[in-house]
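Asks: Quick one, structure for this:
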Amino acid sequence: MTDKPSIILVHGFWGGAAHWSKVIVELARRGHTALQAVELPLTSLANDAERTRKMIAQQAGPVLLVGHSYGGAVITQAGNQPNVVGLVYIAAFAPDAGESPGGITAKHPPAGAANLAPDSDGYLWVKPDKYHESFCQDLTQKAPLASTFADEISAPAWKKKPSWYQISSEDRMIDPANQEWMSGRLGAKKVITLKASHASLASMPREVAALIEEAAAATT
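Replies: Numbers count the residues shown, from 1 in each chain. Okay, the predicted model is just below:
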């Protein structure tokens, strides 16, 4: 098969599909037209993975999954579908079976952890006056249910699918040490480090798109 895979982009905590806008523009400029950005409910790993599986099922051919932040846990859980040909992690969680984003975070708590605050309905927010400092400079936030942090992976797709990983060296939401540890055990085909915040998809979209394009070429 010579067709490029469809690319499905999965956002993370405090994010939405629109967070991929700059990467989408860059990928389109590079000739990728089969692009989808999932809008996750952020209510549980099970719900978010199911929403992603439904998007995968709508694609007639091969699919490359790309996850940012918590979206990495989602593609890890949802990526065992037969038409998924690869996984790209962008400053993302890549848990093993029985691990959760919260458990991984506890290994090396990030600098921005002190700026998280739950509301009375159980949603976890980055304090508004600390959001740009902790997460990014030019994005708005969508809060997840705090309980989602503890949801564990059952069968990690990265054990069967090829993967790529981008580390953000200036990350304040997933400590770079955790990113280095996760990317190391993936056996990833390529790992790159960008001098970027957690929101590298917004601040360095060309570099992020280039990694995604490389993965798409390798899985064509």
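Asks: Without its sequence neighbours, what residue ends up closest to residue 58?
Replies: Spatial nearest neighbour of residue 58, excluding adjacent residues (Cβ to Cβ, 6 or more residues apart in numbering): residue 36 at 7.9 Å. For every residue, glycine as well, the C-beta is placed using N, CA and C.
Asks: How about residue 123?
Replies: Closest residue to residue 123 apart from its sequence neighbours, by Cβ to Cβ, 6+ apart: residue 143 at 4.1 Å.
Asks: same thing with residue 206?
Replies: Spatial nearest neighbour of residue 206, excluding adjacent residues (Cβ to Cβ, 6+ apart): residue 26 at 5.6 Å.
Asks: Please, which helix or strand holds that neighbour?
Replies: For residue 26, the host element (DSSP states H and E) is helix 21-29.
Asks: Identify all contacting residues around that helix.
Replies: Residues outside helix 21-29 that contact it (Cβ atoms under 8 Å, 6 or more residues apart in numbering) are 7, 9, 35, 37, 201-202, 205-206, 208-209, 212-213.
Asks: ranking the residues you listed by neighbours, who comes first?
Replies: residue 201 (33 neighbours; other Cβ atoms under 10 Å).
Asks: ok now the host helix or strand of residue 182, how far from the chain's centre?
Replies: Assigned by DSSP H and E, residue 182 belongs to helix 176-186. From the chain centre to the centre of helix 176-186 is a distance of 14 Å (Cα atoms, centre = their mean, to the nearest Å).
Asks: ok now the next helix or strand after that helix, how far from the chain's centre?
Replies: As assigned by DSSP H and E, the chain's next helix or strand after helix 176-186 is strand 190-194. In terms of Cα atoms, centre = their mean, the centre of strand 190-194 is found 14 Å from the chain centre.
Asks: which residues sit against strand 190-194?
Replies: By Cβ under 8 Å, 6+ apart, the list of residues contacting strand 190-194 reads 164-169, 183-184, 200, 204, 207-208, 211, 214-215.
Asks: pLDDT averaged over that strand, what's the number?
Replies: Average pLDDT, strand 190-194: 98.
Asks: can you check stretch 3-10 too?
Replies: Per-residue scores along stretch 3-10 average to 94.
Asks: which residues are contacting that stretch?
Replies: Stretch 3-10 is contacted from outside by 17, 20, 23-24, 27, 31-32, 34-38, 40, 52, 55-56, 59, 61-68, 71, 74-75, 85-86, 212, 216-217, 219-220, using Cβ under 8 Å, 6+ apart.
Asks: cool, and stretch 143-160?
Replies: Applying Cβ under 8 Å, 6+ apart, the contact partners of stretch 143-160 are 13-14, 42-46, 48, 65, 70, 73, 75-80, 84, 87, 94-103, 105, 118-119, 122-125, 186.
Asks: mind running it again at 7 Å?
Replies: Stretch 143-160 is contacted from outside by 13-14, 42-45, 73, 75-77, 79-80, 84, 87, 94-102, 118, 122-125, 186, using Cβ atoms under 7 Å, 6 or more residues apart in numbering.
Asks: Are any of these buried, and if so which?
Replies: 13-14, 42, 45, 73, 75-77, 79-80, 84, 87, 94-95, 99-101, 123-125, 186 (16 or more other Cβ atoms under 10 Å).
Asks: ok, back up a step: tell me which of the contacts of stretch 3-10 fall in helices.
Replies: 23-24, 27, 52, 55-56, 71, 74-75, 212, 216-217 (DSSP state H).
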